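Okay, sequence plus prediction incoming.
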Amino acid sequence: DSGVTQTPKHLITATGQRVTLRCSPRSGDLSVYWYQQSLDQGLQFLIQYYNGEERAKGNILERFSAQQFPDLHSELNLSSLELGDSALYFCASSPPPAPHEQYFGPGTRLTVT
Amino acid sequence: AQKVTQAQTEISVVEKEDVTLDCVYETRDTTYYLFWYKQPPSGELVFLIRRNSFDEQNEISGRYSWNFQKSTSSFNFTITASQVVDSAVYFCALSELKNTPLVFGKGTRLSVIA
């Protein structure tokens, strides 16, 4: 158990809908990262937050957004969902001052039908 | 730009055989970090090792060992006396000093057959 929690574990929704994925980092970790794992794209970085502020952006679609709250939990919002958004979404957290060591949550499997 | 290449898509070995998973990376930074993660069939990503670019010492942890060679930009992972529980997808990843998000390779699926 990495100490990073993600909810829900599975999510099935229809095209055009909006969903929110939630992540709680390990105690004391200030950085949260979101990654998407799909069969065709592999594991790709989406976005990073550090202590409530956006720190880095990767291949995140405009339909996707995220935020990190004062209690350090983070939410990833996916809207206008398409079939191609079906994937495993991981959250990872890292401790200061070792931002490079990332511990992953169990992931949320999103299926868009 | 950063890039990680895992040329072996799938490897199948018989239990107790040794197996080496290859990883080649590209980066322009002189300070960077290399990682291996394991993804068992249950789906979670398990951190195995982190190595920084200034530490080229090989590392051994039980049946696992890692060979880091800057001259060939490689960070290979060897499992000695493989077991069925080692069956998983293994990912190599890279991050840079000022760019901490991980860049992953495509992964190598290892199947250990009893």
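Cool, got the structure. Residues are numbered from 1 along each chain as shown, chains lettered A, B, ... in the order given.

In chain A, which residue is most central in space?
residue A:34 (3.3 Å; CA atoms, centre = their mean).

which secondary structure element contains that residue?
Per DSSP states H and E, residue A:34 falls inside strand A:31-38.

Show the average pLDDT along that strand.
On average, the pLDDT along strand A:31-38 is 96.

May I have the strands that pair with that strand, each with its orientation?
Strand A:31-38 pairs in its sheet with strand A:42-50 (antiparallel), strand A:87-94 (antiparallel), by DSSP bridges.

if I pick residue A:67, what's in contact with it?
Listed by CB atoms under 8 Å, 6 or more residues apart in numbering or on different chains, the contact partners of residue A:67 are A:49, A:74-75. The way it works is simple: take the backbone N, C-alpha and C, and place the C-beta from them, glycine included.

Give me the phi and psi angles of it.
In terms of degrees, to the nearest 10, the main-chain angles of residue A:67 are phi -160, psi 160.

Could you give the bridge partners of it?
For residue A:67, the beta-bridge partners are residue A:75 (DSSP bridges).

re earlier: which of the strands paired with strand A:31-38 is buried the deepest?
Stretch with highest mean neighbour count among the strands paired with strand A:31-38: strand A:87-94 (a mean of 24; mean count of other CB atoms under 10 Å in any protein chain shown).

Please compute how far that strand lies from its chain's middle.
For strand A:87-94, the separation from the chain centroid amounts to 5 Å (computed by CA atoms, centre = their mean, to the nearest Å).

For that strand, which outside residues touch it?
Applying CB under 8 Å, 6+ apart, the external contacts of strand A:87-94 come out as A:3-4, A:6, A:21, A:23, A:25-26, A:29, A:31-38, A:43, A:74, A:76, A:100-105, A:107-110, B:43, B:45, B:100, B:102.

how about the residues of chain A that lie near chain B?
A:2, A:31, A:33, A:35, A:42-45, A:48, A:55-56, A:58, A:88, A:90, A:92, A:94, A:99-107, A:109 (CB under 8 Å from any CB of the partner chain).

Point out the residues in chain B that sit beside chain A.
Residues of chain B lying near chain A (CB under 8 Å from any CB): B:33, B:35, B:37, B:43-47, B:50, B:52, B:91, B:93, B:95, B:99-107.

could you list every residue that touches residue 107?
Just going to use chain A. Listed by CB under 8 Å, 6+ apart, the contact set of residue A:107 reads A:6, A:9, A:37, A:88-90, B:43-45.

could you do chain B instead?
Counted by CB under 8 Å, 6+ apart, residue B:107 has contacts A:42-43, B:6, B:39, B:89-91.

ok, and the closest non-adjacent residue to residue 64?
I'll assume chain A. Once flanking residues are discounted, residue A:64 sits nearest to residue A:78: 5.3 Å by CB to CB, 6 or more residues apart in numbering or on different chains.

um, chain B though
In space, and not counting its chain neighbours, residue B:64 is closest to residue B:79: 6.1 Å by CB to CB, 6+ apart.

Need the phi and psi values for that neighbour.
As for residue B:79, its main-chain torsions (degrees, to the nearest 10) stand at phi -110, psi 120.

how close does the residue nearest to residue A:113 when sequence neighbours are not counted get to residue B:31?
Using CB to CB, 6+ apart and skipping the chain neighbours, the partner closest in space to residue A:113 is residue A:14 (5.7 Å). With distances taken as CB to CB, to the nearest Å, residue A:14 is found 46 Å from residue B:31.

which of these two has more neighbours?
The neighbour comparison of residue A:14 against residue B:31 (other CB atoms under 10 Å in any protein chain shown) goes to residue B:31, with 11 against 8.
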